Each structure stands twice: as C-alpha cells, then as structure tokens.
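# After the sequence you'll find the predicted model.
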Amino acid sequence: MSDSSKDGSAFDALLFLSFGGPDKPEDVRPFLENVTRGRGVPPERLDEVVEHYLHFGGVSPINRLNLDMIDALGSELDRRGRTDLPIYFGNRNWHPLVEDTVSTMVDDGHRRILVFPTSAWGGYSGCRQYHEDIAAALPESSDLLLRKLPHFAEEPAFRGAVADAVRAAFGGFEDGPAPRLVFTAHSIPESADRAAGPASDGGYLYSRQVAAASAAVAEAVGADDFDVVWQSRSGPPQVPWLEPDICDHLRALSDDGVTRVVVCPIGFISDHLEVVWDLDSEAADVAAELGMEYVRVPTAGTSARFIALVADLVERYVDGGGDLTVLGCGDNGTACRPDCCVPVRRPGKATADSR
Ligand SMILES: CC1=C(CCC(=O)O)c2cc3nc(cc4[nH]c(cc5[nH]c(cc1n2)c(C)c5CCC(=O)O)c(CCC(=O)O)c4C)C(CCC(=O)O)=C3C
Ligand SMILES: [Fe+2]
C-alpha cells in the first residue's frame, strides 16, 4: 500500500453511489429520460424499455438490492470494529439522487467522504460518469473531500466471488455434456470502448477488463472454453456497439451443437432489471426456442465474499491512506487521468449534452 497520498485525516462517512432505478410506474419515463438525456437513444428503444420495467410493475429491483448490500456492508464494518462510518445511498439517475444525499451528508456534519461506486469497470458509464456525478453533487464552495474508490475489476476477491457463483451453477447440471460458459456485460458503443482507459494504454479499457476478469473466473472454475459477449445495447442500429449480442451468440452456439449454457452476468453486481429482463426473460426465451438448457448465474453483490471485498476497499482508504494512482480513484470528481474514459460525442449530438 502506497503512503504517498496519506494526509493523516480519516474519512468520516461512506457514500454508496449507484445507477438508480424507478420505484413505481410513474417513475419509469422520467428515470429513462435522465439516463438517456443527450445520448441519441432512439425513442422506439425507450418505448421498448418502458415495457420491460412495466413487466415488473414499474419497479426496478436495483434500489432494494443496493439497500441490501448497504445493510450487509454496515454489518461487516461493525463486525470489524468500524462503527464510526455511516453509509449513505445516492444515485446518478433516480432518487435518492446523489446531490440530495451529499447535501444531507453535509448537513449531518460530514466533510471527508469515501465513495463506493457500484461498477467494477473503467469506461464512461462505469467510471468517468461517476466522477461527473460527484463533481455535480459538490456544493459551490466547500471544504468537502469526496474520494472515489478504484475499479474493482482486478480484485481477486471480486473474481473469486463470481467464480463461487459459477461453480455452484455448474454443480446444478445432471450428467451429460459440459455446459458452455458465457460471460456477459453491458454493451457500449465501440467508440466509447476505444475512448475507455488512459489513452496512453491505447484505450479499450472496458472490454479488456471484462475479458480479463472473465478469463480469470473461467480459469478458477476449470472451464477451458468460454465466451465473452454483450447485452442490452440501445443506440441507433447504424452505430456499432460491442458484439456479439448474447441472443445472437446463443443461436450461433446452438448451430455449433451446444445444448447447455451457463450465463454469467459478470458486468453487473446485482440482479437488477438488465439481468432479470434481458437475461432471465429475453435470452432465456431464445435458449428455450433453441432447446438449450440455460442457467443464469446470480450476480456477486450480496455474497459474503463480495461484501468483504467492499469492506476491504473501504479499510484500505478510510484512514487517508491507499493508492491514489490506481485507475478509477479520484478526488471531487477529478478523473484519475485527464485522458481516462473520456465521454464520446454521439454523431449528430455534438452540443446537446448538457444536463
Ligand atoms: C457499462 C454500463 C453499465 C455497467 C456499469 C454500471 O453499473 O454503472 C450499465 C449499468 C446499468 N444500466 C442500467 C439501465 C439502463 N442503461 C441504459 C443505457 C445505457 N447503459 C450503458 C452502459 C452501461 N450501463 C450505455 C452506454 C447506455 C446507452 C445510453 C448512454 O450512452 O448512457 C438505459 C436506457 C435505456 C436502454 O437503452 O436500455 C437503462 C434503463 C442499469 C439499471 C437497471 C435497473 O433499473 O435495474 C444499470 C445498473
Ligand atoms: Fe446501462
């Protein structure tokens, strides 16, 4: 652990920062408008996604799952004797919104705040935009310090927690052919992937991190063959996004004679809507049509091993120490590198981005 950044002061609260999701049907449209403002997502795609949420009564599971994680994390920190670090919940796109949460934290007297974002990855949506959320939540002039914790894609305990869940899924099959292991993460525009990461490393940080974490999990479970595919794309069809899509890939596997798949949503830490709809409904339907046995692995977020990892990350930084040079880490919304995970302008959307 590098001590170079240590300034002697401990942090006095933790902000658990996530994506957000609707809590009732009336929230769905305004939530989606927050997510896609200035992003060139076609209105027909939004209409489709509204329907996905309405299949669940207009309630995304994401808020309850985040609150479950916060509960478990609070107990774990207590168990470690860290009883002095209250955890607050804030989101980018829906209530409780991060700016309201930060203002409550300030009212409660907190000035040095660690931030745990619920994304493992680099890239605009998973990293840079969380920095922007932090910057936007800062009061005009203040003595606040909000320090964002780094990406956890490389953490052995993250990979281990995912591997535990994959192993359990493999254990559920009767004798027969070994199932094909398929990892999936949120697709992003190819241009956004090229812009992800420090430019000095050639970009592509997001797809590289997903591929490396998937390979490590496959190795841990002893799977020689595995695939990394993408899900939930939303841009206009003429804009290239990361491929193959999970549903197309299931068809290709079936053509190759594969009859059993284990699908692991390594890209996410909770079974939120993109998991319970896009995988448990859409992809599962495709697999059923193809006559494939299909098992979806639970996400790692509420496992004891994952919660212990978050507690470890917090403890690494909470006393003012910890390495500030690792990717994803930054203070008050200043990204880890000026050229890291820069936003990409969408074609035809050069100036409409302000929010
Ligand atoms: C990389 C990535 C992550 C993983 C990292 C992280 O976790 O942060 C992620 C997570 C999530 N994405 C989510 C939901 C949505 N994402 C959308 C749209 C988009 N996601 C993108 C990327 C990512 N997204 C992108 C490039 C877009 C296009 C618009 C844009 O350029 O920004 C849309 C708009 C409609 C649509 O087109 O689907 C929705 C509703 C939910 C919540 C689910 C729930 O409510 O339970 C979560 C956790
Ligand atoms: Fe998304």
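Happy to help now that I have it. Ligands and ions are numbered 1, 2, ... in the order given.
# distance between stretch 173-184 and the chain's centre?
Offset of stretch 173-184 from its chain centre (C-alpha atoms, centre = their mean, to the nearest Å): 25 Å.
# and what of stretch 248-265?
The answer for stretch 248-265 is 24 Å, by C-alpha atoms, centre = their mean.
# Show residues contacting that stretch.
Residues outside stretch 248-265 that contact it (C-beta atoms under 8 Å, 6 or more residues apart in numbering) are 162, 165-166, 169-170, 173, 176-185, 214, 217, 227, 229, 231, 244, 246, 275, 279, 283, 286-287, 290-297, 299. (C-beta placed from N, C-alpha, C; glycine too.)
# Likewise for stretch 318-337?
By C-beta under 8 Å, 6+ apart, the residues outside stretch 318-337 that reach it are 1-11, 82, 85, 114, 117, 122, 127-128, 131-136, 138, 144-151, 197-198, 200, 205, 316, 340-341.
# got it, and stretch 300-313?
65, 68-69, 72-73, 76-77, 80, 82, 116, 118, 149-150, 152, 155, 157-158, 160-162, 164-165, 269-270.
# ok, is that stretch in contact with ligand 1 or not?
No. Applying C-beta under 6 Å from any ligand atom, one finds stretch 300-313 separated from ligand 1 by no less than 10.7 Å.
# Just give me how far that stretch sits from the chain centre.
In terms of C-alpha atoms, centre = their mean, the centre of stretch 300-313 is set 14 Å apart from its chain centre.
# One more: stretch 285-296?
25 Å.
# what mean pLDDT does that stretch have?
The pLDDT scores in stretch 285-296 average 98.
# Could you report the pLDDT at the residue of the chain found nearest ligand 1?
Closest residue of the chain to ligand 1, C-beta to the nearest ligand atom: residue 234 (2.5 Å). On pLDDT, residue 234 comes in at 89.
# Can you give me the neighbour number for it?
Using other C-beta atoms under 10 Å, residue 234 has 20 neighbouring residues.
# OK, contacts around the spatially most central residue of the chain?
What sits nearest the mean C-alpha location of the chain, by C-alpha atoms, centre = their mean, is residue 119, with 3.0 Å. Residues in contact with residue 119, defined by C-beta under 8 Å, 6+ apart, are 125-127, 130, 151, 269.
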